[in-house]
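K.L.:
Any chance you can model this:
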Amino acid sequence: MKLLMIIVESSHKEELEVLINRNDIVGYTEIPEVRGAGESGIRMGSAAFPKTSSIIFTIVAASKLKPLVDDIKTYCGETCAKKMKMVVWGVEELM
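P.N.:
Numbering: from 1, shown residues only. The predicted model follows:
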């Protein structure tokens, strides 16, 4: 099993939800508005820096990870790829 964390500009989170469902991923957890700064800019949800990011977590079978990540990369292309990061962890035990 793998844990996939996707950090994406909040304006693109609905697109990711569609891709997750399209790849037969049963469940995910979303943190809809997170604030911070990084390579893609400052996201504070304020008047000066109005954008925010969202974080989506999902645990998938290792065999489903690559098709999901490939689908996300293909769909997003240049549009959201520069404003998205994906991190994968191994899941040793699921309780």
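K.L.:
residues contacting Val87?
P.N.:
Leu4, Met5, Ile7 (C-beta atoms under 8 Å, 6 or more residues apart in numbering). For the C-beta atoms, the positions are set from N, CA and C on the backbone; glycine is no exception.
K.L.:
average pLDDT across the host helix or strand of it?
P.N.:
Using DSSP states H and E, Val87 falls within strand 84-90. In this model, strand 84-90 has an average pLDDT of 93.
K.L.:
nearest spatial neighbour of Met86, skipping sequence neighbours?
P.N.:
In space, and not counting its chain neighbours, Met86 is closest to Ile6: 5.2 Å by C-beta to C-beta, 6 or more residues apart in numbering.
K.L.:
Give me the buried positions along the strand or helix carrying that neighbour.
P.N.:
For Ile6, the host element (DSSP H and E) is strand 2-9. Burial within strand 2-9, assessed by neighbour count using 16 or more other C-beta atoms under 10 Å, is assigned to Lys2, Leu4, Ile6, Ile7, Val8, Glu9.
K.L.:
Any idea how far it is from the middle of the chain?
P.N.:
4 Å (C-alpha atoms, centre = their mean, to the nearest Å).
K.L.:
How about residues contacting it?
P.N.:
Applying C-beta under 8 Å, 6+ apart, the set of residues contacting strand 2-9 is 16, 34, 40, 43, 51-62, 65, 68-69, 72, 80, 83-91.
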